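# Here's my sequence, what's the structure:
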Amino acid sequence: MTIFDAHTHIHFPAYDKDREAVIKRAQEAGVKMVTVGTNLETSQSAVDLAKQYPDDIWATAGFHPAHAGKDWYHDKKEQKGSQQEAFDKAALLELAKDERVVAIGECGLDYFRGKKNEAAQRETFQQQQAIAQELNKPLMIHCRPSANSDDAYEDLVELLDPNTPTIMHFFVGSVGVAKKLLAKNCLFTFGGVITFVREYDEVIKSIPLTNIMLETDAPYVTPDPHRGKRNESAYVVEVAKKIAEIKDIDYDEVVSQTTANAKKVFNI
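I've put the predicted structure just below:
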């Protein structure tokens with residue numbers, strides 16, 4: 001049975017020494033994946049890798065909101081390029097036209113380290129939403145609110161065009177904001193964190209399975225029982241198991257529906 005990892009970063013340097021072996025393990029587990037760009041350089045490398053594995057890997061092209069500011073909170077060893085760089089809409093649009101690109105992003109709003117770059121984040125997001133609309137491709141959203149807040153999600157709700165299919169990667173918002181995003185034609189991905197904390201159970205219960213996809217966000221946020229290791233797409237099966245447990249439904253139903261959701265939104 002095919003299972004879909006809707007958000008990973010298999011093209012990142014974390015896999016430079018054993019990428020082929022990691023992809024082989026995913027293939028053996030029946031996992032297909034979308035590898036996600038975070039700036040022009042990493043988006044290009046995502047596309048290049050997707051072309052090498054046309055039956056198993058697809059790519060996104062986008063500009064992460066953290067690049068609009070001074071702070072980049074992921075491990076800098078995992079990133080190429082500068083921590084702060086200019087957004088080049090024309091170059092991103094040209095890359096996003098590639099048939100291996102199935103979504104625009106990851107893009108969005110990130111207030112976790114403050115809102116002083118909010119205007120730049122909004123501008124780069126809106127330009128990427130325009131690219132998605134022009135190319136008729138969905139948005140892959142990174143949205144991270146301030147601590148104990150839904151602020152970034154509330155702002156995003158106001159910016160989203162409901163006619164553009166949108167994927168809320170690594171959703172950490174409330175049930176209330178999830179309802180607002182559902183009204184905006186959004187899907188939600190959940191990853192390894194749900195296997196070792198309970199804070200996401202209620203929101204997962206509140207979202208229809210037809211609006212949920214699975215992700216790893218690899219190499220980050222490794223699920224139980226693999227915590228302490230680098231994450232990889234083969235581990236997405238653990239996320240599916242936990243979704244089934246939380247919703248009290250069969251594992252096969254979770255895999256079947258979330259894979260169907262991915263194929264539909266990514267037009268695969």
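# my guess is P145 contacts R113, does it?
No: at 11.4 Å, P145 does not count as touching R113 under the criterion of C-beta atoms under 8 Å. Where C-beta positions appear, they are placed from N, C-alpha and C, glycine not excepted.
# more neighbours, these two?
Comparing P145 with R113 by other C-beta atoms under 10 Å, the one with more neighbours is P145, at 21 against 15.
# Please give me every residue in contact with that one.
Taking C-beta atoms under 8 Å, 6 or more residues apart in numbering, we find P145 in contact with 111-112, 151-153, 172-173.
# helix or strand for Q121, which one?
Taking DSSP states H and E as the definition, Q121 sits inside helix 118-135.
# Could you check that helix and say which residues are buried?
The neighbour-count check on helix 118-135 (16 or more other C-beta atoms under 10 Å) flags 118, 121-122, 124-125, 127-129, 131-132 as buried.
# Give me the helices and strands touching it, please.
helix 89-96, strand 101-110, strand 139-144, helix 151-159 (3 or more C-beta pairs under 8 Å, 6 or more residues apart in numbering; DSSP states H and E).
# Highest mean neighbour count out of the ones you listed?
Comparing the helices and strands packed on helix 118-135 by mean neighbour count (mean count of other C-beta atoms under 10 Å), strand 101-110 comes out on top with a mean of 28.
# Give me the angle between that strand and strand 139-144.
20 degrees (axes from the mean of the first three to the mean of the last three C-alpha atoms, to 10 degrees).
# which other helices and strands contact strand 101-110?
strand 57-61, helix 118-135, strand 139-144, helix 151-159, strand 166-169.
# Tally up the residues packed near E238, please.
By other C-beta under 10 Å, neighbour count at E238 equals 21.
# right, and it touches P225 too?
Yes: with contact defined as C-beta under 8 Å, E238 reaches P225; the gap is 7.3 Å.
# Please enumerate the strands of the protein.
3-8, 31-35, 57-61, 101-110, 139-144, 166-169, 186-190, 212-214 (DSSP state E).
# now those strands as a markdown table including mean pLDDT?
Compiled in a markdown table, the strands of the chain are given as follows (pLDDT from 0 to 100):
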| stretch | mean pLDDT |
| --- | --- |
| strand 3-8 | 98 |
| strand 31-35 | 98 |
| strand 57-61 | 99 |
| strand 101-110 | 98 |
| strand 139-144 | 98 |
| strand 166-169 | 98 |
| strand 186-190 | 98 |
| strand 212-214 | 99 |
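# So, low pLDDT: which residues of the protein?
Across the chain, the ranges flagged by pLDDT under 70 are 69-85.
# how about the closest residue to Q44 other than its chain neighbours, what does it touch?
Leaving aside its sequence neighbours, Q44 sits nearest to L95 (C-beta to C-beta, 6 or more residues apart in numbering; 6.2 Å). L95 sits next to 40, 43-44, 47, 61, 101 when contact means C-beta under 8 Å, 6+ apart.
# In the residues you listed, which residue is surrounded by the most others?
Among these, A61 has the most neighbours (other C-beta under 10 Å), with 35 neighbours.
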